[in-house]
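> Sequence and predicted model, in that order:
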Amino acid sequence: MASSPITVTNDPIRSEFANDPDMAEIVSMFVSEMPEKIANLNKTFQAMQFDELRRLAHQIKGSSGGYGFSELGKAAGRLEHLLVTHGEGGGDGDPVANIRREFEQLIALCKRVTA
């Protein structure tokens, strides 16, 4: 799976459901939980616990779309894919550097989500 470069910006990422009053509360809840998710991702990455990092990325990939953050889900999916191929001994280049790059892109996106 090829990595897509993320445009560097600080613009907030709004949910695709931002204008849906029925979704407002759950989107807001998802966004309010993001600082804890970021902290868990950072802690896990720093400890180089790649199996746990893959699990966290998988959770974000799975939930993001349901809350209208498909860009975030795609980034989490790219990280998950790298972690799976790293565990299988696959991938090109320096696997840890590749994982770090995708991890940093995911964290940057997580910090931009807003209700």
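Structure's in. What do you need?

> residue boundaries of the strands in this structure?
13-14, 113-114 (DSSP state E).

> Okay, buried residues for stretch 107-115 please.
Neighbour-count burial for stretch 107-115 flags Ile107, Leu109, Cys110, Arg112, Val113, Ala115 (criterion: 16 or more other C-beta atoms under 10 Å). The way it works is simple: take the backbone N, C-alpha and C, and place the C-beta from them, glycine included.

> closest to Phe50 out of the strands of the chain?
Smallest distance to Phe50 across the strands of the chain (C-beta to C-beta): 23.9 Å, for strand 113-114.

> and of the strands of the chain, who's closest to Glu36?
Between these, strand 113-114 lies closest to Glu36; by C-beta to C-beta that is 12.9 Å.

> neighbouring contacts of the closest one?
Pro12, Ile13, Arg14, Ser15, Phe30, Val31, Met34, Phe69, Leu72 (C-beta atoms under 8 Å, 6 or more residues apart in numbering).

> Over to stretch 51-61?
37, 40-41, 44-45, 72-74, 76-77, 79-80, 83-84, 87, 99, 103, 106, 110.
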